[in-house]
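Peer 1: model the following, please.
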Amino acid sequence: MRRALLVVYSILLIVTTSIFAGQWGKPPEGWDDFKFGLVDENMPPRNEQLVKALDAGIQIDYRYRYCTSTDAPGGWIFTSTYNYAKGPHGIRPSITIYMAAANSDNINTLLQSCSNTAYMTKYFKAVKHVADSCKGYSPIYTIEPDVWGYFLQDDMGGLGEKYFNKTCQINNLGFSCLSQFTNTFRDFAAAIICLLKDTDPDCYAGIMMNHWGFNSFWLPTPEENAKKTIPYLEKILRDPYKGDVIFFEKYGADAGSTAEIWMWDDNRNADFLVWCKTLAKGIDLPICGWQTSIGYFDEPGYPELPNEPNKYQDTFFPYFFRHVDDFLNAGFIGFMASCNNQRQGTVWGLKMGEYDNGWFLDRLKEFNAERPYNLNISTAIENPNEFVQKDIKDAQINISNSKQNISLKVNAAIPDLIVDLYNLKGLRISIKYDKQIVSGNTIIELDKRNLSSGIYFAEIISSVFTKTMSFTVTR
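Peer 2: Numbers count the residues shown, from 1 in each chain. So this is what the prediction gives:
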């Protein structure tokens, strides 16, 4: 039998602020495991296919739909006899709030609507109606997709200042929690999040930011594009109302139903992932994909999709299912999947010959079989060779090896010691220690028998310091 040899690789130290900075890499409280949702506007064929999938026992956590009119919450999404939040098999609701531009992609319509006191009174009443109706069902809210992309796209040089200072009626509409905001677009996102959270503290909410905000894919690189977008978002996403998550979208339709430019190869999909990770880290939020097309292209064992209604080709989710770890380590904690645009998106089938021939749900079942997923990642473990040893406070922590364990000797009294273990990618391994150390010379042993060969990190955290120690496992 092969035996593990644990070797002290080095003793590393980093300051508390450089690891787990903000919330990137951490799901919000109560968000356990990776969440998958599918579009369902309560119309066929999607609603019928969703029920079939749930009846078959496939885990789908959420269903999502648009709210595009201030009349929708009390008119057809929620009525006296129907509540969208009460989904089949207990599936939870996700609502895309898309009312500000009156269901128009015209930025001038947006400006006119939001400067109108009567319209914005109806707007925020509709938001509150949605929040009241979904309360108790752990809803997820995607806030005004494309609005934030339009502002940046039309004022790249000023990073949105041209629009952020324009009138948006907020604090004079009769909602006490909104009195703290100015009547400008700078406070618009925060005001929506505030009202949602004031109505339902247990909901999840965030804006959706577009990668095309700078009128190009990547400027010329995805990392540069993201870094230029971060200061723009910092103007509107400010604590305590920055949201729980940030949403990203590839495109609002499957590639086979639109231009060839959206049929991304692996390099383009990887570029998108770099953009997502860089931006999310910079703005300090975890990521949820939104309105992501589910078609496939050139998948062994499945007939090619014909690029006709409900059966369009795409490459995004084939890439995702082949690179799940990369998405987790980029900070993704879920997807609201499938295109909402009628007749431009692929529909999931449950068997060969039905819509996508069952491809997406087959892949989702394989994904679900690996649950639970650890969604906490370390933001600091990217270039371990750059770490240097330093002294900190009075605590002395030494690491040693044995055949089966890592032993940490703590020579200090520490009120709130936590030890987490990470692989070199920064993904937390499901072994941790959480205890109060009341005296010095305490030995903490962590079982490492299930680790494969490689470099790992023990992150030691308390209220007064953070240490990261690396070690190698050879077999």
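
Peer 1: next secondary structure element downstream of the helix or strand bottoming out on mean pLDDT in the chain?
Peer 2: Lowest by mean pLDDT, DSSP states H and E among the helices and strands of the chain is strand 5-13, with a mean of 26. Scanning forward in sequence from strand 5-13 by DSSP states H and E, the next helix or strand is strand 35-39.

Peer 1: that next one: how far from the chain's middle?
Peer 2: Using CA atoms, centre = their mean, to the nearest Å, the distance from the centre of strand 35-39 to the centre of the chain it belongs to is 12 Å.

Peer 1: what's the answer for stretch 133-152, then?
Peer 2: Computed by CA atoms, centre = their mean, the chain-centroid distance of stretch 133-152 equals 13 Å.

Peer 1: tell me the buried residues in it?
Peer 2: Taking 16 or more other CB atoms under 10 Å as the basis for neighbour counts, the residues of stretch 133-152 that come out buried are 133-134, 137-152. Where you see a C-beta, it was placed from the backbone N, CA and C, and this is true even at glycine.

Peer 1: next one: stretch 208-217
Peer 2: By 16+ other CB under 10 Å, the buried positions in stretch 208-217 come out as 208-211, 213-214, 217.

Peer 1: contact partners of that stretch?
Peer 2: Stretch 208-217 is contacted from outside by 142-146, 148-149, 152-153, 156, 218, 222, 225, 228-229, 232-233, 246-249, 268, 271-272, 275, 279, 290, using CB atoms under 8 Å, 6 or more residues apart in numbering.

Peer 1: show me just the buried residues among those residues.
Peer 2: When neighbours are counted using 16+ other CB under 10 Å, the contacts of stretch 208-217 contain these buried positions: 142-146, 148-149, 152-153, 156, 218, 222, 225, 228-229, 232-233, 246-249, 268, 271-272, 275, 279, 290.

Peer 1: from the residues you listed, which land in helices?
Peer 2: Residues of those located in helices (DSSP state H): 148-149, 152-153, 222, 225, 228-229, 232-233, 268, 271-272, 275, 279.

Peer 1: return the member of these nearest to residue 313.
Peer 2: In terms of CB to CB, no member of those lies closer to residue 313 than residue 268, at 14.8 Å.

Peer 1: for that closest one, what are its contacts?
Peer 2: Neighbouring residues of residue 268 by CB under 8 Å, 6+ apart: residue 217.

Peer 1: check the gap between it and residue 453 for me.
Peer 2: Using CB to CB, to the nearest Å, residue 268 is found at 33 Å from residue 453.

Peer 1: do the same with residue 418
Peer 2: When CB to CB is applied, the distance between residue 418 and residue 453 equals 26 Å.

Peer 1: what about the closest residue to residue 341 other than its chain neighbours, which SS state?
Peer 2: For residue 341, ignoring the flanking residues on the chain, the nearest one in space by CB to CB, 6 or more residues apart in numbering is residue 253 at 5.3 Å. For residue 253, the reduced secondary structure class is coil; criterion used: DSSP: H, G, I helix; E, B strand; the rest coil.

Peer 1: residue 198 and residue 190 touch, don't they?
Peer 2: No - when contacts are counted by CB atoms under 8 Å, residue 198 is not listed as touching residue 190 (11.9 Å).

Peer 1: these two: which has the busier surroundings?
Peer 2: For residue 198 against residue 190, the residue with the higher neighbour count under other CB atoms under 10 Å is residue 190, and the figures read 22 against 14.

Peer 1: tell me who's in contact with the more buried one.
Peer 2: Under the criterion of CB under 8 Å, 6+ apart, the contact list for residue 190 reads 181, 236-238, 241-242.

Peer 1: try 7 Å this time
Peer 2: 181, 236, 238, 241 (CB atoms under 7 Å, 6 or more residues apart in numbering).

Peer 1: buried subset of those residues?
Peer 2: Neighbour-count burial (16+ other CB under 10 Å) is assigned, among the contacts of residue 190, to 181, 236, 241.

Peer 1: going by distance to residue 263, which of those residues wins?
Peer 2: Of all those, residue 236 has the smallest distance to residue 263: 32.5 Å, by CB to CB.

Peer 1: assign the closest one to helix, strand or coil.
Peer 2: Relying on three-state DSSP, one would call residue 236 coil.

Peer 1: for it, give its distance to residue 23.
Peer 2: Counting by CB to CB, the separation of residue 236 from residue 23 is 17 Å.

Peer 1: what's the answer for residue 140, then?
Peer 2: If you go by CB to CB, the gap between residue 140 and residue 23 works out to 16 Å.

Peer 1: and what of residue 420?
Peer 2: For residue 420, the distance to residue 23 equals 16 Å [CB to CB].

Peer 1: any chance of the buried residues of stretch 208-217 in TSV with secondary structure, pLDDT and distance to residue 305 as columns?
Peer 2: Formatted as TSV, the buried residues of stretch 208-217 follow (DSSP: H, G, I helix; E, B strand; the rest coil; pLDDT from 0 to 100; distance: CB to CB, whole Å):
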residue	secondary structure	pLDDT	distance to residue 305
208	strand	97	26
209	strand	96	29
210	coil	95	26
211	coil	94	25
213	coil	93	30
214	coil	92	32
217	coil	78	24
